[in-house]
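K.L.:
show me how the following folds:
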Amino acid sequence: MTRVQNRRAPARGGELEDCLRACAVHSGKLVGSLDRRRTELAEQLRKLLVVFSTTGTSAPAPAPAGGATALLKRAVKGAAAPTGSIPGDLLDALLAVGNKALECGYDDELHLALQISDTVLAERKNSRAGWRLRARVLEALGEEREAVQAYERYLELTDEDGFGVAARITGLRRAAERERELLALLQRQCPRAADFARGPATDVWAEGLALHALGDWDAAEPRLVGALLTLAADEAPVADRQELLSQYLDLRTGIPGEDLTEAVALYAEQRRIRMRGPVADPTVGGVGWISLGEFRNQIAGKSICLIANSGRVGESSMGAQIDGYDLVVRFNSYRIDPKHTGSRTDIHATIHKHGFNWDRPVTTRLVFGGVSGDWKHSLRNRLVPGAQRYLGDESLRWPVRNIGRLGNDVWSSIPTTGFNMLWLLDFLDVSPTLDLIGFDFYESGAYRVQEAMKLAITSVHEYTSEKAWVMERAQSVTDMRISLR
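P.N.:
Below you'll find the predicted structure:
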């Protein structure tokens, strides 16, 4: 029960200098950490140093990672913080630190991420990334009411809900409703709980546990339920409420003659909705699942072009040529401008982590993901009923690894969506024409839907190796087109 009293977020401010100082202090805590997530956070903090050293008036030059803590502290102390709005590069670096801190999941890192989001929003009150970071951190801290408000502000600022925020809000609200229904049920079943819903939850809960240990359930139950009611009234962090609800139901399970059917059903439903959101149509509009072999039959004998999300495509004037192929493949957060990109999309290949363009009608949608459970979770939450006729099944989930069996010893980096798709088409080898349009591996910048333009070109992918793989197989190469067949 001690966590109930301690997990609230501390007082926060929005001063850039204070935020950078907190980052400096936190980087010192990470020295020698063996936790992979914290090691990655330390690297983002080092990159923040590099960016900040270019914005201050007397900041030191970048140094190796081992001296990052000291240099960041000296930069904060000796350099003038940028005036006015945070420069774009510094904003991106702060958000990268915040998102990596959020991934760590520990309270110290969550509080750092929250301070970063507050700082970003103090300087840029309409920052979509800032509001989304704040919402996710608040949700992780169990502050659901504030999280929903931040998610709603994010939606007000964007036209593209590529991260499934609307569904997340619905899930949180419905879960809260089910939790209230559960507590109301417990109060009806134990009317005396109201007598114990006014005292300190920690003390009342401890009394209930002690009485249960003595075998006096009649005296224990109203105290336990009373403590649960107090926690809900005080809006204690969700994780704490869930933990004690679970403990209470476990204790009650051991009491002879207790009927837990309705209570357990409500408890399970609110837990399930919080994890995955409500599922309106489990059949996803009657979509047809296709396997590797069925996908092969679908593309056999047809000319195929794969369209890059590159700045070069956005200025290509190749729309008519692109629409002339039998099948047009697009990726992730693709953007349509008929004059330049063409208007048709037959196959949408996308990573499971983002929901961009999942509502755009296509013949076939292939969703890639390395972890089966996470992949299934995304399909349940992101697929739009009726937006695709066919959906790739588990056999098409992760082509380079699962079909090609290319382990880390052969291909060390995480394959991109484009490389997974291209590798698959090359492996099947049933298309007389296989052309890549505008693939310059982001040399000309990104050309995506607006909401995705701020997404970082992540370092977990190895574009150099992918480019080398493509060029080894190229039959002809022009400024805009690489032909593999």
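K.L.:
only C-alpha atoms from now on, for both contacts and neighbour counts.
P.N.:
Noted.
K.L.:
helix, strand or coil: sort out residue 367 for me.
P.N.:
strand (DSSP: H, G, I helix; E, B strand; the rest coil).
K.L.:
which ones are touching residue 292?
P.N.:
Neighbouring residues of residue 292 by CA atoms under 8 Å, 6 or more residues apart in numbering: 392, 395-396.
K.L.:
kindly apply the preceding question to residue 313 instead.
P.N.:
Counting by CA under 8 Å, 6+ apart, residue 313 touches 307, 340-341, 437-438, 447, 480.
K.L.:
next, the buried residues of stretch 172-189.
P.N.:
Using 16 or more other CA atoms under 10 Å as the test for burial, stretch 172-189 gives 172-176, 178-183, 186-187.
K.L.:
for stretch 470-485, same thing?
P.N.:
So for stretch 470-485, counting by 16+ other CA under 10 Å, buried means 470, 474, 481-485.
K.L.:
before we move on, back to that, turn the contacts of residue 313 into a markdown table, columns for secondary structure, pLDDT and distance to residue 221.
P.N.:
Output for those, formatted as a markdown table (DSSP: H, G, I helix; E, B strand; the rest coil; pLDDT from 0 to 100; distance: CA to CA, whole Å):
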| residue | secondary structure | pLDDT | distance to residue 221 |
| --- | --- | --- | --- |
| 307 | strand | 97 | 63 |
| 340 | helix | 96 | 68 |
| 341 | helix | 96 | 65 |
| 437 | strand | 97 | 68 |
| 438 | coil | 94 | 67 |
| 447 | coil | 89 | 60 |
| 480 | coil | 95 | 72 |
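K.L.:
give me the buried entries from those residues.
P.N.:
Taking 16+ other CA under 10 Å as the criterion, what is buried in the contacts of residue 313 is 307, 340-341, 437-438, 447.
K.L.:
surely residue 449 touches residue 337?
P.N.:
No: if you go by CA atoms under 8 Å, residue 449 and residue 337 don't touch, sitting 10.6 Å apart.
K.L.:
between the two, who's got more neighbours?
P.N.:
residue 449 (19 against 14; other CA atoms under 10 Å).
K.L.:
could you find the closest non-adjacent residue to the more buried one?
P.N.:
residue 335 (5.0 Å; CA to CA, 6 or more residues apart in numbering).
K.L.:
wait, what's in contact with that neighbour?
P.N.:
Here residue 335 is in contact with 309, 341, 447-449 (CA under 8 Å, 6+ apart).
K.L.:
elements contacting the top helix by length along the chain?
P.N.:
Of all the elements of type helix in the chain, the one with the most residues (DSSP state H) is helix 165-189. Applying 3 or more CA pairs under 8 Å, 6 or more residues apart in numbering; DSSP states H and E, one finds that helix 165-189 contacts helix 144-156, helix 217-233, helix 261-276.
K.L.:
rewinding a little: highest neighbour count among the contacts of residue 292?
P.N.:
That'd be residue 396 among the contacts of residue 292, by other CA under 10 Å, with 23 neighbours.
K.L.:
how near is the residue nearest to it when sequence neighbours are not counted to residue 227?
P.N.:
Nearest residue to residue 396, sequence neighbours excluded (CA to CA, 6+ apart): residue 292, at 5.9 Å. The gap separating residue 292 from residue 227 is 54 Å, by CA to CA, to the nearest Å.
K.L.:
again, but for residue 313
P.N.:
61 Å.
K.L.:
check contacts around residue 221.
P.N.:
190, 193, 208, 212.
K.L.:
show me what counts as buried in the host helix or strand of the third one.
P.N.:
In this structure, residue 208 is located in helix 201-213 according to DSSP states H and E. Burial within helix 201-213, assessed by neighbour count using 16+ other CA under 10 Å, is assigned to 201-202, 204-209, 211-212.
K.L.:
who are the packing partners of that helix?
P.N.:
helix 217-233.
K.L.:
following the helix it packs on, which helix or strand comes up?
P.N.:
Using DSSP H and E, the next helix or strand after helix 217-233 towards the C-terminus is helix 238-253.
K.L.:
how much does that next one deviate in direction from helix 144-156?
P.N.:
An angle of 130 degrees separates the directions of helix 238-253 and helix 144-156 when computed by axes from the mean of the first three to the mean of the last three CA atoms, to 10 degrees.
K.L.:
contacting residues for the most centrally placed residue in the chain?
P.N.:
Most central in the chain under CA atoms, centre = their mean is residue 353, positioned 6.2 Å from the mean C-alpha point. Counting by CA under 8 Å, 6+ apart, residue 353 makes contact with 369, 378.
K.L.:
can you do 10 Å?
P.N.:
For residue 353, the contacting residues are 162-164, 332, 367-369, 374-375, 377-379, 382, by CA atoms under 10 Å, 6 or more residues apart in numbering.
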